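**Q** here is a sequence together with a model predicted from it:
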Amino acid sequence: MTLPNNAREFRLASRPEGFPTPENFDLVEVPVPTAGDGQLLVRNVVMSVDPYMRGRMNEGKSYVPPFEVGKALEGGAVGEVVASNAAGFEVGDTVLHNLGWRDYAVLDAARAVKVDPAVAPLGAYLGVLGMPGMTAYVGLLEVASFKEGDVVFVSGAAGAVGQVVGQIARLRGAKRVIGSAGSDAKVKYLVDELGFDAAFNYKDGPVGEQLAQAAPDGIDVYFDNVGGEHLEAALDSLNDRGRVAVCGSISNYNTKTPTGVRNTGLLVTKQLTLRGFLVMEHGHLREQFVREVGGWVASGELRYQETVTEGLDRAPEAFIGMLRGENLGKALVSL
Ligand code: NAP
């Protein structure tokens with residue numbers, strides 16, 4: 001294959017105030033990089049846009065360093081090896097790595113994981129069988145200590161993580177699975193396609209009232225993707241000794257005035273457990289996750305959606321759209 005001379009990459013042009021805008025991104029032409037010793041040159045085929053990237057656009061200390069203004073953005077991507085100077089990798093291999101937001105990436109082979117395009121479509125390695133799927137798995141089963149017979153509520157239920165959480169709960173024997181999402185079409189998808197017992201559109205009215213209606217006997221587990229009003233409502237609905245996996249708080253990612261939670265007194269009176277987690281700290285469950293969730297995907301028992309935007313130049317649009325709820329299932333960009 002002949003390589004072009006030039007490639008494109010997105011750089012952070014400026015840090016967003018509130019919701020990101022296209023002006024926060026710069027698409028820059030660069031020479032196609034050359035692979036050094038122990039390195040691979042990868043032509044990216046599909047890349048991920050994820051909520052955590054919004055956090056990395058801010059300045060300040062977090063669990064990963066912030067993106068730097070003027071430097072290329074990063075994120076999950078799957079691509080084809082077009083040059084290899086590393087043992088164990090050949091031209092034509094398909095790899096998962098973390099240098100998305102560009103059409104060609106050079107990386108150390110140690111940072112690439114081979115994936116099999118015959119087992120699943122490439123996007124699945126960034127979604128249901130990748131980081132978001134793993135987040136759902138460890139968050140529900142390990143962090144929230146889910147057990148058969150639990151009533152489970154998940155927010156952001158029609159997104160990459162949420163759509164998997166609800167189905168794992170159903171397949172592992174939940175008594176009732178409830179989801180919230182931001183449109184009627186998403187609510188319909190949850191109930192009609194994914195087998196949720198109940199779902200509601202959080203934009204239709206107070207979350208507390210809608211949740212109480214959907215869960216007349218309370219909930220045992222809350223998988224929190226949203227924070228704010230959702231978390232407060234869940235604390236109200238949780239039964240004694242209920243557990244919360246605090247996965248994210250997307251309702252507060254694009255605002256300078258985050259919504260607080262006023263009813264933390266319930267943590268004491270109901271003996272609740274809230275536990276925040278980062279998926280990368282739970283790698284010991286990876287094999288179990290691949291076996292169990294991979295099996296359900298292969299058998300068709302666990303279904304998933306992806307929203308794919310075409311073209312690297314539209315990656316900011318896909319990212320901003322995801323933050324605004326325009327995606328059903330995993331938000332991806334095909335290059
Ligand atoms: P996603 O759900 O596929 O996409 C984000 C969704 O958030 C949007 O589709 C939108 O859906 C919803 N949303 C946006 N603003 C909202 C608001 N104000 N209130 C309620 N919902 C809102 O994203 P994901 O990749 O699956 O991530 C879901 C959550 O998991 C995020 O909080 C993310 O930060 C977190 N996460 C954590 C870890 C970890 O290790 N802890 C790993 C991965 C992801 P609606 O149409 O329903 O509003």
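**A** Looks like it arrived, so ask away.
**Q** enumerate the residues of the stretch 101-250 of the chain near the ligand.
**A** When proximity is defined as Cβ under 6 Å from any ligand atom, the stretch 101-250 of the chain approaches the ligand at 132, 135, 156, 158-162, 181-183, 186, 225-226, 247-248, 250. Heads up, the C-betas are built off the backbone N, CA and C, glycines and all.
**Q** now, these that are in strands?
**A** Counting by DSSP state E, those place residue 181 in strands.
**Q** which PyMOL command selects the buried ones in the residues of the stretch 101-250 of the chain next to the ligand?
**A** Only the buried entries of these go into this PyMOL selection, using 16 or more other Cβ atoms under 10 Å:
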select buried, resi 132+135+156+158+159+160+161+162+181+182+186+225+226+247+248+250
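**Q** can you tell me how far residue 84 is from residue 114?
**A** 11 Å (Cβ to Cβ, to the nearest Å).
**Q** the two - which one has more neighbours?
**A** residue 84 (21 against 13; other Cβ atoms under 10 Å).
**Q** how close does that one get to residue 100?
**A** In terms of Cβ to Cβ, residue 84 sits 20 Å off from residue 100.
**Q** return every residue with contacts to both of residue 84 and residue 114.
**A** residue 93 (Cβ atoms under 8 Å, 6 or more residues apart in numbering).
**Q** nearest residue to residue 217 in space, please, no chain neighbours.
**A** Ranked by Cβ to Cβ, 6 or more residues apart in numbering and with sequence neighbours excluded, the top spatial neighbour of residue 217 is residue 151, at 6.7 Å.
**Q** residue 180 is in contact with residue 203, correct?
**A** No. Using Cβ atoms under 8 Å, residue 203 is not in contact with residue 180; the gap is 9.7 Å.
**Q** more neighbours, these two?
**A** The residue with more neighbours, out of residue 203 and residue 180, is residue 180; 30 against 12, by other Cβ under 10 Å.
**Q** bridged to the more buried one, which residues?
**A** Counting by DSSP bridges, residue 180 is bridged to residue 200.
**Q** run through the residues that contact it.
**A** 153-157, 199-202, 207, 210-211, 226, 230.
**Q** next one, pLDDT for it please.
**A** For residue 180, the model assigns a pLDDT of 98.
**Q** any idea how far it lies from residue 136?
**A** 16 Å.
**Q** what's the answer for residue 294, then?
**A** Taking Cβ to Cβ, one finds residue 294 at 13 Å from residue 136.
**Q** neighbour count for these two, which is higher?
**A** residue 136 (29 against 17).
**Q** hang on, isn't that one packed against residue 164?
**A** Yes. Counting by Cβ under 8 Å, residue 136 touches residue 164, with 3.7 Å between them.
**Q** per-domain residue ranges of the protein.
**A** The chain breaks down by automatic domain parsing into domains covering 6-126+305-334, 131-280.
**Q** would you point out which residue of the stretch 51-200 of the chain is nearest the ligand?
**A** residue 159 (1.8 Å; Cβ to the nearest ligand atom).
**Q** tell me where the stretch 101-250 of the chain has strands.
**A** 104-108, 113-114, 151-154, 176-181, 198-201, 219-224, 238-246 (DSSP state E, counting those that start in this stretch).
**Q** single out the most deeply packed of the ones you listed.
**A** strand 151-154 (a mean of 30; mean count of other Cβ atoms under 10 Å).
**Q** tell me what that one is packed against?
**A** Judged by 3 or more Cβ pairs under 8 Å, 6 or more residues apart in numbering; DSSP states H and E, strand 151-154 is in contact with helix 162-171, strand 176-181, strand 219-224.
**Q** tell me the gap between the longest one and the middle of its chain.
**A** Right, helix 162-171. Offset of helix 162-171 from its chain centre (Cα atoms, centre = their mean, to the nearest Å): 14 Å.
**Q** over to the second one?
**A** Here the centre of mass of C-alpha atoms in strand 176-181, compared against the chain's by Cα atoms, centre = their mean, lies 17 Å away.
**Q** using CSV, list the CA coordinates for that strand.
**A** Extracted in CSV, the C-alpha atoms of strand 176-181 (Å, rounded to 0.1, in the frame of the first residue of the first chain):
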residue,chain,number,x,y,z
ARG,A,176,-36.5,-5.4,37.8
VAL,A,177,-34.3,-3.2,35.5
ILE,A,178,-35.1,0.5,35.2
GLY,A,179,-33.4,3.1,33.0
SER,A,180,-33.6,6.8,32.4
ALA,A,181,-32.6,8.6,29.1
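**Q** now do it and helix 162-171, the angle between them.
**A** 170 degrees (axes from the mean of the first three to the mean of the last three Cα atoms, to 10 degrees).
**Q** centroid-nearest residue for this protein?
**A** Nearest to the geometric centre of the chain sits residue 132, at 4.1 Å (Cα atoms, centre = their mean).
**Q** mind checking how far that residue is from residue 325?
**A** 16 Å.
**Q** residues in contact with residue 294?
**A** 119-120, 129.
**Q** could you do residue 87 as well?
**A** By Cβ under 8 Å, 6+ apart, the neighbours of residue 87 are residue 109.
**Q** on the three-state scheme, it is what?
**A** What DSSP: H, G, I helix; E, B strand; the rest coil gives for residue 87 is coil.
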